[in-house]
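J.: the following comprises the amino acid sequence and a computationally predicted model.
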Amino acid sequence: MQKNITVIEGDGIGPEVTRQSVKILNAIAAQFNHTFNYTYHLMGAVAIDKTGNPLPDETIESCLNSDAVLFGAIGHPKYDNDPTAKVRPEQGLLKLRKSLQLFANIRPVNTYPALQHLAPLKAEKLEGVDFIIFRELTGGIYFGKKELSEDGTKASDDCVYTTPEIERIAHLAFQYAQKPERRKKLTLVDKANVLETSRLWRKVVQEISKQYPDVAVDYMFVDNASMQIMLNPKQFDIVLTENMFGDIISDEASVLSGSLGLLPSASVGTGTVLFEPIHGSYPQAAGKDIANPLGSILSAAMMLEHFGLSTEAALVREAVKWTLENGFVSKDIEPVNFYFTSTIGDLISDYVKSTDHERINVENVQLRKSTII
Ligand SMILES: NC(=O)C1=CN([C@@H]2O[C@H](COP(=O)(O)OP(=O)(O)OC[C@H]3O[C@@H](n4cnc5c(N)ncnc54)[C@H](O)[C@@H]3O)[C@@H](O)[C@H]2O)C=CC1
Ligand SMILES: CC(C)CC(=O)C(=O)O
Ligand SMILES: [Mg+2]
C-alpha cells in the first residue's frame, strides 16, 4: 500500500513525539511492504516565527491533497503569556480543523493494568474502562464571535450551534455505538438546564436516536459527567458532546489511563483525516526527550486502522502494551527511572520489526534509560 501523509510536528514536544510515530510507521512500512511518503509542513508558533502566519496556505494545500495528516501539537508560552497578542498558534489549529471540515474528534479512553496504580480509583473500577469521546470540533464557543470592548473591560465569546452541525456528529457517534464491539450506549453530555445550545443538542439527539433503536441513550449534565468519569467510568460507552466540554472532559479522562501523554485521537470530517495526541505542546518538556510519545504513537495506530491496516494497527498497540508491561515508560509514568522519548520509540520500532519479541535486546536498552534529569 502507498500513502501520502502530511506531517505537522508543530511546537514544544510536538516534533519529538511525532518523530517517534514516523519511526514506527517506517518500521511498519518495512515489515509489511508499504510505502508511506511524508511531506512536512509548518503550523503554530514555529510557523508564525518563520512566516508570520500560524497556518501557511501550503500547509492547508498539502493536508487537502494527502491521504492523512499526522499532527503533534502547537502552542508557546510567549503567546500564552501575552493576552494582547494578535496572532496566536492556536488560530492555526482551529483554522486547519475548519479548512479540513474536521467536525468530529474521536478520543478513545482505555486503561492499562500496568498503570492502574497511577489512577485515583480502585483497580476494579478501572479494569475494562473503554469509552470513546466524540467531541464536536468545528463549532461552539471556540469558533463564535469574539469581542473585547474598546476600553478593554468587557469581553465575550459567542457559542453557536446549528442543527446540521449537531446532526452530522450525532449520526457518526450513533453509528459507532452500533458497531459489534461496542456496548450500544450513547451518553450526550451537555448543560441543557442552562444553555440554549445544549437544549438544541438534546432536541436533535432525541430526534436522531429514533433511527438507532438498538442504542440506549442517556443524557448527563457536564458537571455531573465530570464527576461520573472519575467515580464510575465503566458506565460510559460512547460519549457525545460539544467542542469545549469534550476538550475538558477528555483531558480529565486521561487521568484514568495514567497520563495525558497516553491518549490518541482522530479528527474526521468530509475529507482528509487528521491524527493527533490529545495533549498540547507541553513546553516545559520541549527538547528534553522526556515526553510520553504513546499518545502520538497510538494516533498513528488509528491512522493505520483508517488505512484499513488492522493487523498493523494491532501490532503497534501490542508493542505499546509491551513497553508498559515491561516498565519501558516515560517520566510522567515513572519520574525517576524513566526511559527517554526516543528510546521508547526505538523499542516499539524494534518490537514491530522483530519476529521474536522475546529476543529484543533490552539489555542494550537499559543503557539508554535515564538516571536523573
Ligand atoms: N492540540 C494542541 O495542539 C493543543 C495545544 N495546546 C497548547 O499547548 C500549550 C501548553 O498547554 P497546557 O495547558 O500546558 O497543556 P499540555 O497538554 O501541553 O500539558 C499539560 C500537562 O500534561 C502533561 N503532559 C502533556 N503531554 C504530555 C506528554 N506527551 N508526556 C507527558 N506529560 C504530558 C504535563 O504534565 C503537562 O504539564 C499551550 O500553548 C496550549 O494552548 C493545548 C492543548 C492541545
Ligand atoms: C487550541 C485548543 C482548542 C486545543 C485543544 O485543547 C485541543 O484540541 O484539545
Ligand atoms: Mg485540549
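T.: Good, I have the coordinates. Numbering: from 1, shown residues only. Ligands and ions are numbered 1, 2, ... in the order given.

J.: centre of the chain to stretch 212-220, how far?
T.: 25 Å (Cα atoms, centre = their mean, to the nearest Å).

J.: residues making contact with that stretch?
T.: Outside stretch 212-220, the residues that touch it by Cβ atoms under 8 Å, 6 or more residues apart in numbering are 174-175, 177-178, 184-190, 192, 202, 205-206, 209, 228. Where you see a C-beta, it was placed from the backbone N, CA and C, and this is true even at glycine.

J.: residue of the stretch 251-373 of the chain closest to ligand 1, please.
T.: With Cβ to the nearest ligand atom, the shortest gap between the stretch 251-373 of the chain and ligand 1 falls at Gly280, namely 2.3 Å.

J.: verify the stated contact: that residue with His76.
T.: No: the pair Gly280 / His76 is not scored as a contact, 10.3 Å apart, by Cβ atoms under 8 Å.

J.: ok so, going back, and the residue of the stretch 251-373 of the chain closest to ligand 1, how close does it get to Lys369?
T.: Separation of Gly280 from Lys369 (Cβ to Cβ, to the nearest Å): 26 Å.

J.: between the two, which one's more packed in?
T.: It is Gly280, of Gly280 and Lys369, that has more neighbours when counted by other Cβ atoms under 10 Å, with 21 against 14.

J.: what's the pLDDT at the more buried one?
T.: At Gly280, the predicted lDDT confidence score is 98.

J.: tell me, how many neighbours does Val215 end up with?
T.: 21.

J.: next, the contact list for Ile24, please.
T.: Ile24 neighbours (Cβ under 8 Å, 6+ apart): 297, 300, 316, 319, 345, 348-349, 352.

J.: in the stretch 251-373 of the chain, which residue sits closest to ligand 2?
T.: Counting by Cβ to the nearest ligand atom, the stretch 251-373 of the chain gets nearest ligand 2 through Ile278, at 5.6 Å.

J.: residues contacting the closest residue to ligand 2 within the chain?
T.: For the chain, the residue closest to ligand 2 is Glu90, as judged by Cβ to the nearest ligand atom, at 3.9 Å. By Cβ under 8 Å, 6+ apart, the contact list for Glu90 reads 54, 74-75, 79.

J.: can you tell me which of those residues has the most neighbours?
T.: Ile74 (31 neighbours).

J.: contact partners of the helix or strand where Asn4 lies?
T.: Taking DSSP states H and E as the criterion, Asn4 maps to strand 2-10. For strand 2-10, contacts defined as Cβ under 8 Å, 6+ apart pick out 14-15, 18-19, 22, 25, 34-44, 46, 59, 62-63, 65-74, 89, 96, 272, 281, 303, 307.

J.: kindly give a single PyMOL line that selects the buried subset of those.
T.: Provided next is the PyMOL selection string for whichever of the contacts of strand 2-10 are buried by 16 or more other Cβ atoms under 10 Å:
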select buried, resi 14+15+18+19+22+25+34+36+39+41+42+43+44+46+59+62+63+66+67+68+69+70+71+72+73+74+89+96+272+281+303+307
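
J.: out of the contacts of strand 2-10, which sit inside helices?
T.: Among these, the members falling in helices (DSSP state H) are 14-15, 18-19, 22, 25, 46, 59, 62-63, 89, 96, 303.
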